[in-house]
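K.L.:
One predicted model, sequence on top.
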Amino acid sequence: MACVSEATPLSLPASAGMKPRCRADGAKSGNGGSRVLIIGATGYIGRFVAEASVMSGKPTFILLRHGPAACPAKAQTVRALEDAGATIVHGSMQDRELMERILAELKIDVVISTVAGAGSILDQLHLIDAIRAVGTVKRFVPSEFGHDIDKAEPVEPALAMYKEKRMVRRAAEGLEIPCTYICCNSIAAWPYHDNTHPSEVPPPLDRFLIYGDGNIKAYFVAGTDIGKMTVKAVDDERTLNMTLHFRPVSNFLTLNEMASLWEKKIKRTLSRATMTEDDLLNLAKENRIPESIVAALTHDIFIKGCQFGFSIDGPHDVEVGQLYPDEPLRSISDCFDDYLQEIVPEIVGPMEIVAAEPQNSLSVPLTCIS
């Protein structure tokens with residue numbers, strides 16, 4: 001494993017314990033392109049971005065903290081990414097001096113942060129200082145990967161998280177760091193109000209819990225598409241200092257429409273229960289992290305309609321479908337088919353499933369917590 005740590009020099013010669021496919025500069029072989037450093041690659045969104053970067057052929061570096069992985073799934077993710085060609089770099093965003101050395105000696109062009117969790121968001125301020133000091137990074141993608149944080153205004157405790165992300169935006173802008181903000185809206189899965197990683201759980205098989213009247217629409221995007229389009233955007237001058245919005249018209253659905261689609265897939269009618277606005281607000285007020293954050297965001301999406309109540313025609317807004325009209329995004333129907341192939345035959349018997357277009361991907365496992 002090719003590693004960089006506080007205790008070892010950053011010079012990475014071919015003889016420094018690297019696998020044969022590594023180059024003398026520490027990057028594993030690829031077909032060229034920007035040299036990408038990804039922070040948070042073992043997390044929920046990070047694994048999709050890291051996988052896409054490696055598969056694109058870009059020299060890809062994964063920043064990891066020292067010590068064993070938090071869970072077996074994260075360790076397996078690291079192994080899968082390294083086997084596919086990523087280079088592991090040990091360090092922490094909090095260590096500005098080390099980050100400057102990593103960015104400079106590894107000649108990093110693009111830094112993508114997908115960190116989450118308490119304290120991690122503001123740790124990006126140290127990273128921004130390092131990027132500024134080195135002066136050679138061509139693009140920084142801060143950890144957002146959800147709603148437009150300058151437009152949405154969720155209740156607490158989600159609002160506190162948004163305020164931290166806004167601080168990161170303002171810091172990057174104040175130092176004139178070249179940025180791209182990724183606003184991918186909702187993950188393509190059933191939106192459980194009490195699960196931070198809804199795509200890791202299949203849609204309901206007993207009853208649906210509908211938020212409000214179930215008629216507020218939201219945009220749903222597959223994790224693989226989030227990764228693919230993020231990696232595509234970092235080398236696109238049209239996304240420089242822009243907010244990249246994901247608004248696939250075919251995946252703009254209400255919960256009631258999602259429920260009906262799933263019922264057609266499983267050939268069963270499920271009961272429906274209602275979770276009111278007050279129910280979600282009360283869960284948010286309990287201030288249990290991360291559960292209350294998820295409840296607050298669920299309220300913002302399915303009660304307030306935060307994903308579509310504003311225009312993206314501004315001078316700093318671009319939309320994925322308009323920039324890349326020839327790049328198809330997976331449909332909710334296709335994503336639901338994935339769940340069918342995994343679980344439904346065991347529960348309701350064999351079914352005829354029309355396979356979606358096969359997706360090229362690594363064997364990157366689901367994550368444990370973040």
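P.N.:
Yes, it's here. These figures come from a predicted structure and were not determined experimentally.
K.L.:
Quick check: residue 274 is in a helix.
P.N.:
No: looking at residue 274 with DSSP: H, G, I helix; E, B strand; the rest coil, it is strand, so not inside a helix.
K.L.:
Tell me the predicted confidence for it.
P.N.:
Note on residue 274: pLDDT of 98.
K.L.:
Now it: closest residue in space, sequence neighbours ignored.
P.N.:
The spatial neighbour of residue 274 that comes closest, neighbours along the chain excluded (C-beta to C-beta, 6 or more residues apart in numbering), is residue 210 at 5.5 Å. The way it works is simple: take the backbone N, C-alpha and C, and place the C-beta from them, glycine included.
K.L.:
so who does the one you found touch?
P.N.:
255, 256, 259, 272, 273, 274, 275 (C-beta atoms under 8 Å, 6 or more residues apart in numbering).
K.L.:
Select only the buried ones of the residues you listed in PyMOL?
P.N.:
The buried subset of the contacts of residue 210, as determined by 16 or more other C-beta atoms under 10 Å, is captured in PyMOL by this line:
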select buried, resi 255+259+275
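K.L.:
Tabulate the contacts of residue 210 (TSV), appending distance to residue 105.
P.N.:
Shown next, in TSV, are the contacts of residue 210 (distance: C-beta to C-beta, whole Å):
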residue	distance to residue 105
255	49
256	54
259	52
272	57
273	56
274	57
275	52
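K.L.:
May I have the secondary structure class of the residue nearest to residue 274?
P.N.:
Under three-state DSSP, residue 210 comes out as strand.
K.L.:
Can you give me the pLDDT of it?
P.N.:
99.
K.L.:
Distance check, it against residue 318.
P.N.:
Distance of residue 210 to residue 318, given as C-beta to C-beta, to the nearest Å: 33 Å.
K.L.:
try residue 245
P.N.:
From residue 245 to residue 318 the distance is 7 Å (C-beta to C-beta).
K.L.:
more neighbours, the two?
P.N.:
A count of neighbours by other C-beta atoms under 10 Å puts residue 245 above the other of residue 245 and residue 318, at 22 against 17.
K.L.:
Please enumerate the shared neighbours of residue 245 and residue 318.
P.N.:
residue 312.
K.L.:
ok, now which ones touch the spatially most central residue of the chain?
P.N.:
Residue closest to the mean C-alpha point of the chain, counted by C-alpha atoms, centre = their mean, is residue 45 at 2.6 Å. Residues near residue 45 by C-beta under 8 Å, 6+ apart: 114, 116, 145, 223, 226, 227.
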